[in-house]
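A.B. asks: Here you go, sequence then predicted model.
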Amino acid sequence: MADQTLFDLSDRAFIVTGASSGIGAAMAGFLSEAGAHVIGIARRAGRLNALANTITENGGRFSALAADLGERSTLDDVANDCLKLAGRADGVINAAGINLREAVDEVSLESWDQTLNLNLATPFFFTRALVKDMQSRGWGKVINIASLQSSRAFTNGLPYGASKSGICQLTRAMAEAWSNQGITCNAIAPGFFPTELTAPVFGDENTANWAATQTAIGRNGELEDLRGPTLFFASKASDYVTGQTLYVDGGFTAK
């Protein structure tokens, strides 16, 4: 008989950054529906609280924590606040991110630093602040969010692409550092999904149609397409998978 508990996250606690919208909010919902207590972090308290109400009304557990993860000096304190809310940390999804979509000649030192800080530095330093708790139980799950731009160059995306390419190497380095202590570290690289970050794409019908035609499947992503990969990497189903980046892109990178 198949193991019905393989993807069960009951009694697990997961922290999700960037949880106020888009991919972060969707993943928070998937984890909650699988039984996890989710601590969602984002700057926008109102949207976090709205998500908390939706999840709790459906019988899930969600704690909202408003914080600006771009402030490096506060990351340890935010991690400690998460541990106080949940009592433990079994995993973290680093979904917070920014894409300023600047032309290459318009990229400033400030926008470069802002992008690389939130998209690359924060996932490392924030995760490191939570790892000791995972180490104490010899089990943990780290899920980073990569991108098509981890391996493809798009117009007006130089700093974003650099940060997301870095995420793939960061994921491998995290795996090398922590997997022998039971903590797997993997990344999900979504294709084109309708989120705030991709509003310029989906706001133009021709661009959205172009993106769909670049996939092997023939359509753009829907947030529900991320449920299976999220639960796989968050559960014991992936206990022997680490350091990997999974492209959930409908075959965009296959063509």
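C.D. replies: Here it is on my side, so go on.

A.B. asks: So which other helices or strands are in contact with the strand ranked longest in the chain?
C.D. replies: In the chain, with assignment by DSSP state E, the single longest strand is strand 183-190. Using 3 or more C-beta pairs under 8 Å, 6 or more residues apart in numbering; DSSP states H and E as the contact criterion, the secondary-structure elements in contact with strand 183-190 are helix 122-135, strand 140-145, helix 158-178, helix 227-234, strand 245-248. All C-beta atoms are positioned from the backbone trio N, CA, C, and that covers glycine.

A.B. asks: so where do the helices sit in the protein?
C.D. replies: Ranges of helices within the chain are 22-33, 45-57, 75-86, 109-116, 122-135, 158-178, 199-202, 205-213, 227-234, based on DSSP state H.

A.B. asks: Tell me which of those lies nearest to Phe252.
C.D. replies: When the helices of the chain are ranked by distance to Phe252, counting by C-beta to C-beta, first place goes to helix 205-213 at 7.9 Å.

A.B. asks: now for the closest one, which elements pack on it?
C.D. replies: Using 3+ C-beta pairs under 8 Å, 6+ apart as the contact criterion, the secondary-structure elements in contact with helix 205-213 are helix 199-202.

A.B. asks: Okay, buried residues for the helix it packs on please.
C.D. replies: Buried residues in helix 199-202, counting neighbours by 16 or more other C-beta atoms under 10 Å, are found at Val201.

A.B. asks: for the record, mean pLDDT for that helix?
C.D. replies: What helix 199-202 shows for mean pLDDT is 88.

A.B. asks: rewinding a little: so can I have JSON lines of the helices of the chain showing distance to Ile15?
C.D. replies: Below are the helices of the chain laid out as JSON lines (distance: least, C-beta to C-beta, whole Å):
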{"stretch": "helix 22-33", "distance to Ile15": "10"}
{"stretch": "helix 45-57", "distance to Ile15": "13"}
{"stretch": "helix 75-86", "distance to Ile15": "5"}
{"stretch": "helix 109-116", "distance to Ile15": "22"}
{"stretch": "helix 122-135", "distance to Ile15": "7"}
{"stretch": "helix 158-178", "distance to Ile15": "15"}
{"stretch": "helix 199-202", "distance to Ile15": "26"}
{"stretch": "helix 205-213", "distance to Ile15": "31"}
{"stretch": "helix 227-234", "distance to Ile15": "11"}
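
A.B. asks: most tightly surrounded among the ones you listed?
C.D. replies: Mean neighbour count, computed with mean count of other C-beta atoms under 10 Å, is highest for helix 22-33 among the helices of the chain, reaching a mean of 25.

A.B. asks: quick one, it and strand 140-145 angle?
C.D. replies: Direction vectors for helix 22-33 and strand 140-145, defined by axes from the mean of the first three to the mean of the last three C-alpha atoms, to 10 degrees, enclose an angle of 150 degrees.

A.B. asks: what's the angle between helix 22-33 and strand 183-190?
C.D. replies: Helix 22-33 runs at 130 degrees relative to strand 183-190, counting by the same axes, to 10 degrees.
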